[in-house]
Structure formats: structure tokens, C-alpha cells
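Trainee: need coordinates for the following:
(one chain, ligands or ions: 2)
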Amino acid sequence: MTDSAQTPPAEPVLEFRDLRVDFALATSTVHAVRGVNLSVAAGETLAVVGESGSGKSATALSAMRLNPEPPCVYAGGQVLLDGRDVLALREKELRKIRGARISMVFQDPMTSLDPLQRVGDQVAEVLRLHGDHTRAEARRAALTALDEVGIPDPERRYRQYPHELSGGLRQRVMIASALVARPRVLIADEPTTALDVTVQRQILELLVRLQRRHGMAVLLITHDLGVVAETADRVVVMRHGEVVETGDVEQVFTRPAAPYTRELLAATPDWSPSHDHDPAAGDRRTAQGVPRPPAERRRGRRLPHRPGGRDVRPGR
Ligand SMILES: Nc1ncnc2c1ncn2[C@@H]1O[C@H](COP(=O)(O)OP(=O)(O)OP(=O)(O)O)[C@@H](O)[C@H]1O
Ligand SMILES: [Mg+2]
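Mentor: Ligands and ions are numbered 1, 2, ... in the order given. Predicted coordinates for the structure are as follows:
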């Protein structure tokens with residue numbers, strides 16, 4: 001096969017280069033991110049896994065320069081969004097890209113939605129902030145977005161307040177407002193952890209569908225290895241603020257190189273290489289060729305927490 005017959009590697013849309021993030025506390029400094037390198041291409045889902053406190057959220061928030069400063073100090077490296085270093089932008093420029101070129105969905109939509117504003121207006125507001133949409137255009141686009149994320153009767157829901165919606169619908173509203181301006185990158189930090197198991201599944205399926213439709217780059221942070229196998233193309237394993245392993249999901253899950261990755265997989269036995277030998281697993285393959293576990297095994301898998309690590313997980 002000639003070189004030209006091979007698919008060229010896709011250009012990264014988002015690239016972290018030797019990122020270092022510290023939190024300067026009163027008596028000590030936490031080196032939360034210690035030289036992280038990773039990249040996500042258009043149309044690709046990159047999952048980030050690792051124990052609590054390993055620096056996943058601090059890394060992800062850096063992509064929008066959203067870690068609170070202080071105590072956060074960006075101590076080194078770059079975060080390139082379409083080649084531009086987000087960490088070098090002024091606040092005014094950051095406001096232009098947040099929500100428009102890159103957006104984020106968090107675990108708990110209640111903390112991100114304004115309790116006093118109608119949900120539809122909150123989606124429309126993203127467009128009002130970022131473009132020259134008239135009020136009517138923004139409203140129409142918000143209704144379309146609510147419909148696209150599977151909210152029934154969007155006209156009625158548009159006028160409701162966050163407390164009038166179920167957790168699943170609220171997360172759909174968050175996804176609608178994250179995607180209404182058609183960003184190039186979506187970061188989802190434990191987007192389904194606060195939801196019921198059946199709703200989790202629907203939200204993940206929705207994210208996968210929207211990603212395929214719009215060809216976004218998705219950075220998905222999750223504790224659930226089953227979710228990684230089902231949704232991600234590549235996976236990054238973090239520990240103590242560093243990337244310990246990265247690769248295609250199938251490769252990392254079946255032939256983990258780092259001892260820590262082997263520990264993680266051993267702690268979730270369904271993902272041990274021997275899972276591959278389960279004859280019943282033979283025909284359960286995802287589009288990426290990753291063994292698909294039986295549905296009941298996929299539920300509620302959690303990576304073990306580091307002893308002494310930050311175990312308090314708000315909203316859970
Ligand atoms: N705003 C903050 N102020 C002080 N320390 C912080 C802050 N945010 C994160 N940290 C610290 O940085 C380290 C990495 O935290 P981070 O939230 O990135 O972990 P994580 O991998 O997302 O964990 P989890 O799985 O629990 O969400 C931890 O030691 C944490 O206590
Ligand atoms: Mg986190």
C-alpha cells in the first residue's frame with residue numbers, strides 16, 4: 001500500500017502541550033497537572049480516566065481557562081484550540097470562544113443553570129452573546145436545539161424554569177446550550193454521573209449521536225470504563241497529574257502498558273484481557289471494535305479512589 005492510500009492523521013482541534021496547573025493554597029501548593037500532553041481531533045472522542053484527584057477536571061477546565069484564579073496558577077505549557085493558545089488570550093477573547101468554539105457540560109446541571117431564568121432563554125442567550133442574532137432568531141435556534149437534544153414539547157419546556165425539569169431534562173438543556181453555537185470542541189466532565197442509570201444511557205447515546213452529526217471533537221471525562229469502551233476512540237489514563245498511558249481504547253483495554261492501567265482494569269474485572277476470551281463476548285463489538293460487555297455489567301462501574309485522595313464528590 002502506498003503512503004497516499006493511508007488516511008492522514010486528522011489535525012488536532014484541541015491540543016494540550018506540557019500543561020502545568022498548580023493550586024496555590026495558604027500553606028502549600030498542589031501540583032494538580034504536571035506536564036500533560038494530549039490532543040483531540042475533529043470527530044474524535046477522547047476519554048480521560050483516572051482516580052479521583054488525578055487532575056482530569058483541572059486539565060479540562062484549562063481548555064477554557066476556567067480554573068478559578070486564584071488559587072489556580074497556569075504554571076507552564078499551552079492549550080492550543082485550532083492552533084491558538086487559550087492560556088495566552090485576554091478575558092475578552094476568552095469570552096468570545098467559550099460556548100462558541102469550545103463548550104462544556106458538567107456533572108450537575110443545577111450548578112450551571114440559572115434557577116431564575118427560563119431554560120429556553122438560557123439556551124438562546126448563548127447565541128445572543130456570540131453572534132448578531134436577533135432575539136427572534138436566537139429563540140428559534142434555541143427551540144431547534146431543545147428539539148435536537150430530545151426534549152419533548154420544546155415550546156412548553158422553553159418557558160419553564162430549571163426546577164420544573166427532571167435531572168435528565170436539565171442535562172439535555174445543558175447539552176443544548178453547549179451545542180447551540182456549534183462549537184468545534186465539547187468537553188463533558190462526568191456528564192451523566194448525577195443521573196439515574198437509564199437516563200445516563202440516554203444522555204450518552206445523545207452525546208454520541210450529536211457528535212457524529214456535527215463532527216465535534218469530544219473530550220469525555222468519566223469514571224466508568226464501560227462508557228469509555230462504548231463511546232471513545234482513544235483513552236488517556238491520568239494519575240497524580242500526569243498521563244500514564246494513552247492509546248486506542250481497544251489497545252489500552254486489551255494490552256495495557258502501564259502498571260497503573262493494569263491495576264485499574266484489574267479492579268474492574270470485566271475489562272481484563274480474559275474478557276476477550278468470553279465466547280459470549282464475541283459478537284458484542286462496538287463500532288470501534290471494542291468488546292461490549294453485557295448491559296448489566298456496564299452499569300455503575302467506578303474506578304477505585306486513591307487512598308487519601310479527594311474522595312468528596314459533590315452532587316453524588
Ligand atoms: N479550585 C481548586 N482549589 C484548590 N485545589 C483544587 C481546585 N481544583 C482542583 N484542586 C486540586 O487539584 C487536584 C486535581 O483535582 P481535579 O479536580 O482535577 O481531579 P479529578 O481528576 O477531576 O478528580 P475527580 O475524579 O474527583 O473529579 C486535586 O488535588 C484537587 O484537590
Ligand atoms: Mg473532576
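Trainee: in what helix or strand does the nearest residue to V227 once chain neighbours are set aside lie?
Mentor: Distance criterion Cβ to Cβ, 6 or more residues apart in numbering; nearest residue to V227, sequence neighbours excluded, is L204 at 6.2 Å. All C-beta spots, glycine's among them, are computed from the backbone N, C-alpha and C. Taking DSSP states H and E as the definition, one finds L204 inside helix 197-214.
Trainee: over to V30?
Mentor: strand 29-41.
Trainee: the helix or strand just after that strand to helix 197-214, inter-axis angle?
Mentor: Next helix or strand after strand 29-41 toward the C-terminus (DSSP H and E): strand 45-50. In terms of direction (axes from the mean of the first three to the mean of the last three Cα atoms, to 10 degrees), strand 45-50 departs from helix 197-214 by 140 degrees.
Trainee: quick one: buried residues of strand 45-50?
Mentor: For strand 45-50, burial by neighbour count (16 or more other Cβ atoms under 10 Å) applies to T45, L46, A47, V48, V49, G50.
Trainee: once you drop chain neighbours, what's closest to the third one?
Mentor: Once its chain neighbours are removed from consideration, A47 has its nearest residue in A232; the separation is 3.6 Å (Cβ to Cβ, 6+ apart).
Trainee: could you report the neighbour count for the one you found?
Mentor: Residues lying near A232 (other Cβ atoms under 10 Å) number 26.
Trainee: contact partners for it?
Mentor: T45, L46, A47, L220, V249, Q288 (Cβ atoms under 8 Å, 6 or more residues apart in numbering).
Trainee: would you turn the residues you listed into a markdown table with distance to ligand 1 and pLDDT?
Mentor: As requested, the contacts of A232 are exported to a markdown table (distance: Cβ to the nearest ligand atom, whole Å; pLDDT from 0 to 100):
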| residue | distance to ligand 1 | pLDDT |
| --- | --- | --- |
| T45 | 18 | 95 |
| L46 | 15 | 96 |
| A47 | 13 | 96 |
| L220 | 13 | 95 |
| V249 | 19 | 95 |
| Q288 | 24 | 35 |
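Trainee: now for the residues you listed: which two are most distant?
Mentor: L220 and Q288 (13.4 Å; Cβ to Cβ).
Trainee: give me the more crowded residue out of the two.
Mentor: Higher neighbour count among L220 and Q288: L220, with 28 against 16, using other Cβ under 10 Å.
Trainee: the helix or strand where that one lies vs strand 29-41, what angle?
Mentor: Following DSSP H and E, the helix or strand that holds L220 is strand 217-221. For strand 217-221 against strand 29-41, the angle by the same axes, to 10 degrees is 140 degrees.
Trainee: do the very next helix or strand once past strand 217-221 and ligand 1 meet?
Mentor: Using DSSP H and E, the helix or strand that follows strand 217-221 towards the C-terminus is helix 225-231. No. Judged by Cβ under 6 Å from any ligand atom, helix 225-231 and ligand 1 are separated, with a smallest distance of 13.5 Å.
Trainee: from the chain's centre, how far out does helix 225-231 sit?
Mentor: Averaging C-alpha positions (Cα atoms, centre = their mean, to the nearest Å) puts helix 225-231 12 Å from its chain's average.
Trainee: same check, this time on stretch 218-228
Mentor: 7 Å.
Trainee: and the helices in the chain?
Mentor: Assigned by DSSP state H, the helices in the chain fall at 56-62, 91-97, 109-112, 119-130, 135-148, 154-158, 167-179, 197-214, 225-231, 249-254, 259-267, 295-298.
Trainee: possible to save those helices as JSON lines with mean neighbour count?
Mentor: Output for those, formatted as JSON lines (neighbours: other Cβ atoms under 10 Å):
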{"stretch": "helix 56-62", "mean neighbour count": "23"}
{"stretch": "helix 91-97", "mean neighbour count": "13"}
{"stretch": "helix 109-112", "mean neighbour count": "17"}
{"stretch": "helix 119-130", "mean neighbour count": "22"}
{"stretch": "helix 135-148", "mean neighbour count": "18"}
{"stretch": "helix 154-158", "mean neighbour count": "16"}
{"stretch": "helix 167-179", "mean neighbour count": "25"}
{"stretch": "helix 197-214", "mean neighbour count": "17"}
{"stretch": "helix 225-231", "mean neighbour count": "23"}
{"stretch": "helix 249-254", "mean neighbour count": "20"}
{"stretch": "helix 259-267", "mean neighbour count": "17"}
{"stretch": "helix 295-298", "mean neighbour count": "13"}
